[in-house]
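A predicted structure for the sequence below; I have some questions about it.
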Amino acid sequence: MPAFAVIFPAAGNSSRFGGREKKPYADLDGTAVWLRTANLFANRTDVVQMILVISPDDREMVMRRYAANLMFLGINLVDGGTERFDSVARALEQLKPEVDHVAVHDAVRPCTSAAVIESVFAAAVREGAALPGLGVSDTLKRVDTQLHVTETVSRFALWQAQTPQVFRKELLLEAYGQRGSLGKNITDDAQLVEAMGHPVKMIPGSPFNLKITTHDDLKIAGLFLKLREAVDKPKAGRPFDDERFD
């Protein structure tokens, strides 16, 4: 069976989120966002390591609040760097020898379905690199600095990337080893692997696999979790089918 490590980057400053609490530690229906996210992977037998990457400034708070959770789930805590790629690179240095695939999943995507995770993991084993996404359905507009529309952009073959982005370990390590020479303006791990010339498989994701960026996103996630909990309650003759939320 393939052995996966899951890296949760949570070292950002949450500037768009606002407020006193950074978004990974915000309360989502009684549980911190990052912890709900980690719990999506905690019971998978193929996940042999989970790594939470945090800002060094948050370490005291994280240990005070979540030491028991970290110990119970066996999560390694790593201090991140100034940029997301620096943070993931530090996590990669801590991989266990038995890991052969690495998933990088936003710590603020707490609603990812088990079906999406399973599909992306399986695709990464087959292809070496895979990520979930959604085909763009809205009309796209390019604007100038004054927010005047300058161009309508074709949405043909455009997809919105999600996480987890999953890679064969050696492939991701090689990409990170070359990241200084692979070009600028690279925004995610899949693009880094693409820049190295390796194909990345796109897997249909889910509109419910939302990334919490604003407080409105947090409210939407809370409503979704309540809805899923209500539907998940056993009903005579109507067993819950998780595919309704894929």
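Looks like it arrived, so ask away.

packing partners of the helix or strand hosting Glu170?
For Glu170, the host element (DSSP states H and E) is helix 169-177. Other helices and strands packing on helix 169-177, by 3 or more C-beta pairs under 8 Å, 6 or more residues apart in numbering; DSSP states H and E, are helix 84-92, strand 101-104, helix 189-195. (Glycine included, C-beta is placed from N, CA and C.)

could you dump those to TSV with mean pLDDT, mean neighbour count and distance to Pro110?
Converted to TSV, the helices and strands packed on helix 169-177 look like this (pLDDT from 0 to 100; neighbours: other C-beta atoms under 10 Å; distance: least, C-beta to C-beta, whole Å):
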stretch	mean pLDDT	mean neighbour count	distance to Pro110
helix 84-92	94	20	18
strand 101-104	98	26	15
helix 189-195	94	21	20
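
can you put the ones you listed in CSV and add distance to Gln178?
Listed next are the helices and strands packed on helix 169-177 as CSV, based on distance: least, C-beta to C-beta, whole Å:
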stretch, distance to Gln178
helix 84-92, 12
strand 101-104, 16
helix 189-195, 8
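
nearest to Arg44, out of the ones you listed?
strand 101-104 (10.1 Å; C-beta to C-beta).

low-confidence ranges in this protein?
Applying pLDDT under 70 to the chain flags residues 14-19, 232-246.

give the contact list for the nearest residue to Leu182 once chain neighbours are set aside.
Distances taken as C-beta to C-beta, 6 or more residues apart in numbering place Ala195 nearest to Leu182, at 4.1 Å, with adjacent residues excluded. By C-beta atoms under 8 Å, 6 or more residues apart in numbering, the residues touching Ala195 are 175, 182-183, 186.

for Gln49, state which of those residues is nearest.
Gln49 has its nearest neighbour among those in Ala175, at 19.2 Å by C-beta to C-beta.

the closest one: neighbouring residues, count only.
23 (other C-beta atoms under 10 Å).

again, but for the one 3 residues further on
Other residues near Gln178 number 12, with proximity taken as other C-beta under 10 Å.

next: Ala230.
8.

now swap in Val33 and tell me
26.

so it sits right up against Tyr25, yeah?
Yes - with contact defined as C-beta atoms under 8 Å, Val33 reaches Tyr25; the gap is 7.0 Å.

out of the helices and strands packed on helix 169-177, nearest to Thr214?
Using C-beta to C-beta, the helices and strands packed on helix 169-177 put helix 84-92 closest to Thr214, at 18.6 Å.

contact partners for Asp29?
For Asp29, the contacting residues are 222, 225-226, by C-beta under 8 Å, 6+ apart.

chain center to stretch 73-93, what's the gap?
14 Å (C-alpha atoms, centre = their mean, to the nearest Å).

gap between the two ends of that stretch?
By C-alpha to C-alpha, to the nearest Å, the extent of stretch 73-93 from end to end equals 20 Å.

Ala5: which element?
strand 4-10.

quick one: strands adjacent to that strand?
In the sheet, strand 4-10 lines up against strand 47-54 (parallel), strand 101-104 (parallel) (DSSP bridges).

following it, which helix or strand comes up?
strand 27-28.

who's in contact with the next helix-or-strand element following that next one?
Next along the chain after strand 27-28, taking DSSP H and E as the criterion, comes strand 31-32. Here strand 31-32 makes contact (C-beta under 8 Å, 6+ apart) with 24-26, 65-66.
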